[in-house]
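A.B. asks: Have a look at this prediction, sequence included:
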Amino acid sequence: MDINGFGFYKSKAISLDVYFAVNHMKERLLIMQAKDVCRIAIGGAGIMGTSIAQIFAKYGYSVVLYDIVTKSIENGKKLIAINQETAIAEGEIKPEDSKELLDRISFSMDPKCFSNADFVIEAIVEDMKVKHDFWFQVSEIVPTGAILTTNTSGLSITEIAKAVKKPERFAGMHWVNPPHIVPLVEVICGEKTDLAAAETIAEVAIKIGKKPVMVKKDAQGFILNRLQFCILREAMHIVESGIAGIEDVDAVMKYGLGMRYACLGPFEIADLGGLDTFYSIASYLFADLSDMKEPPKMFSDLIDQQFYGTKSGRGFYDYSNGKAEKVIEKRDKDFIKIANCLYKSTGRK
Ligand SMILES: NC(=O)c1ccc[n+]([C@@H]2O[C@H](COP(=O)([O-])OP(=O)(O)OC[C@H]3O[C@@H](n4cnc5c(N)ncnc54)[C@H](O)[C@@H]3O)[C@@H](O)[C@H]2O)c1
């Protein structure tokens, strides 16, 4: 075992009283530390992969984006160009720095691009079989101590890890769309994840200006998607029950709850609102809320017609004829304003 290797934990000096500990370490995989992470390899040049690539490149990391579909690589380049134009227009980055950022990102369709990666992020389709095939191949190619992460939205980390060689270096690293702007990253350990790997992931996230949270249990959906899908389920229930239309539901989130949630969590909001009042409301309202176990018809109808949202030109709303690009641009501009206002200028924790 090469304990002097680049980026690995250094072995402790051997003495009799640490004999067993050292022996144990010989068995233990040496896991890369955050300070030694330089080369990032991302699987999947889609919505998330391209955005994650930009935040790493912004902080000086070299990034390779790997995909198996030529069109995805072309679309990925287009998405990055849109994001960078917006960032320049908003004064977030100087044109010359944006150019340098772009120079740090390369694209590849050759899995060998993972062979010198320090840190891998898998952001391919949300399908266990596809993820297993990916990890089976890639975890054989990467250097032994590399950190391996999946951006799954909520599949079991332990289950994905079954295809990973040396799963102690593998964990969930769940980003929020668009990752180059939104600060949260959830770090999720699977049953076999070494805590040292989770710590490296959290430290790397901090180094690129993110706010990592540790998810204590590998529960489906982690924290963010359990909350998000609770809201989406109720939003669709409200529309299907005729209580309100989709524009009004979106308006309630944007102009009411969304503004609160940019500053406060649900527990903080309840404390500020008064727990006696919130308890009374919970007592009559919980029973009336949706507890449906399957995606509702209004959702499956869209899927049947291959209406997947901005990426296909139609979702709950219409995004044809260049509307998708405008929506993405507006979202990025709005998010940059919020991020600057709440996190950058005030240094808010
Ligand atoms: N979109 C979101 O809001 C969001 C947020 C958080 C997490 N995620 C998760 O991130 C992952 C990616 O989501 P996305 O929205 O970027 O999807 P996407 O459809 O935009 O991109 C997926 C990309 O993966 C590529 N791909 C498929 N199989 C591959 C393989 N074997 N090797 C390499 N590339 C492959 C596809 O060609 C495509 O470019 C999913 O697990 C998703 O659940 C998505």
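C.D. replies: Sure thing, it's come through.

A.B. asks: all contacts plus neighbour counts: C-alpha atoms, from now on.
C.D. replies: OK.

A.B. asks: Gly209 contacts Pro183, doesn't it?
C.D. replies: Yes - counting by C-alpha atoms under 8 Å, Gly209 touches Pro183, with 7.1 Å between them.

A.B. asks: low pLDDT regions in the protein?
C.D. replies: The chain contains residues with pLDDT under 70 at 1-28, 345-349.

A.B. asks: Is the helix ranked longest in it positioned near the ligand?
C.D. replies: Determined from DSSP state H, the single longest helix within the chain is helix 70-89. Yes - applying C-alpha under 6 Å from any ligand atom, one finds that helix 70-89 is in contact with the ligand at Ser72.

A.B. asks: Now that helix: buried residues?
C.D. replies: Of the residues in helix 70-89, those with enough neighbours to count as buried (16 or more other C-alpha atoms under 10 Å) are 72-73, 75-77, 79-80, 82-87.

A.B. asks: closest to Ile160 among the residues you listed?
C.D. replies: Within those, proximity to Ile160 (C-alpha to C-alpha) peaks at Ser72, which comes in at 23.3 Å.

A.B. asks: got the contact list for the closest one?
C.D. replies: Contact criterion C-alpha atoms under 8 Å, 6 or more residues apart in numbering gives Ala45, Gly46 as the residues in contact with Ser72.

A.B. asks: So which bits of the stretch 1-150 of the chain are right by the ligand?
C.D. replies: Applying the criterion C-alpha under 6 Å from any ligand atom, the portion of the stretch 1-150 of the chain that neighbours the ligand consists of 43-49, 66-69, 72, 123-126, 130, 134.

A.B. asks: Touching stretch 182-195 from outside, list them.
C.D. replies: Residues outside stretch 182-195 that contact it (C-alpha under 8 Å, 6+ apart) are 156-158, 161, 167-176, 198, 201-202, 205, 209-218, 222-223, 335, 339.

A.B. asks: I'd like to know which of the residues you listed are buried.
C.D. replies: Neighbour counting with 16+ other C-alpha under 10 Å marks 156-158, 161, 167-176, 198, 201-202, 205, 209-214, 218, 222-223, 339 as buried within these.

A.B. asks: So the closest residue to Lys165 other than its chain neighbours: helix, strand or coil?
C.D. replies: What sits nearest to Lys165 in space, not counting adjacent residues and going by C-alpha to C-alpha, 6 or more residues apart in numbering, is Ser139, at 5.5 Å. Secondary structure assignment for Ser139 (DSSP: H, G, I helix; E, B strand; the rest coil): helix.

A.B. asks: Count the residues that sit near Ser139.
C.D. replies: Residue neighbour count, defined by other C-alpha atoms under 10 Å, stands at 22 for Ser139.

A.B. asks: these two touch, right, it and Val164?
C.D. replies: Yes - counting by C-alpha under 8 Å, a contact exists between Ser139 and Val164, whose distance comes to 5.7 Å.

A.B. asks: follow-up on the earlier one: can I get the buried residues of helix 70-89 in TSV with distance to Gly256?
C.D. replies: Rendered in TSV, the data for these read as follows (distance: C-alpha to C-alpha, whole Å):
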residue	distance to Gly256
Ser72	36
Ile73	38
Asn75	34
Gly76	34
Lys77	35
Leu79	30
Ile80	31
Ile82	29
Asn83	27
Gln84	30
Glu85	30
Thr86	26
Ala87	27
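
A.B. asks: Which two of these have the greatest separation?
C.D. replies: Ser72 and Ala87 (22.1 Å).

A.B. asks: picking up where we left off before, filter the residues of the stretch 1-150 of the chain next to the ligand down to just the ones in helices.
C.D. replies: Residues from those lying in helices, with DSSP H as the criterion: Ile47, Met48, Gly49, Ser72, Val130, Phe134.

A.B. asks: tell me the contacts of the residue nearest to the spatial centre of the chain?
C.D. replies: The central residue of the chain, meaning the one whose C-alpha is nearest the mean C-alpha position (C-alpha atoms, centre = their mean), is Trp175 at 1.6 Å. Trp175 sits next to Met48, Asn151, Leu184, Val185, Glu186 when contact means C-alpha under 8 Å, 6+ apart.

A.B. asks: what does Ala41 give?
C.D. replies: Contacts of Ala41 (C-alpha under 8 Å, 6+ apart): Val63, Val64, Leu65, Tyr66, Cys113, Phe114, Ala117, Asp118, Phe119, Val120, Ile121.

A.B. asks: so which of those comes closest to Asp97?
C.D. replies: So of the contacts of Ala41, ranked by how close each gets to Asp97 (C-alpha to C-alpha), first place is Val63, at 15.7 Å.

A.B. asks: Beta-bridge partners for the closest one, please?
C.D. replies: Val63 forms beta bridges with Ile40, Ile105, as assigned by DSSP bridges.

A.B. asks: Good, wrapping up.
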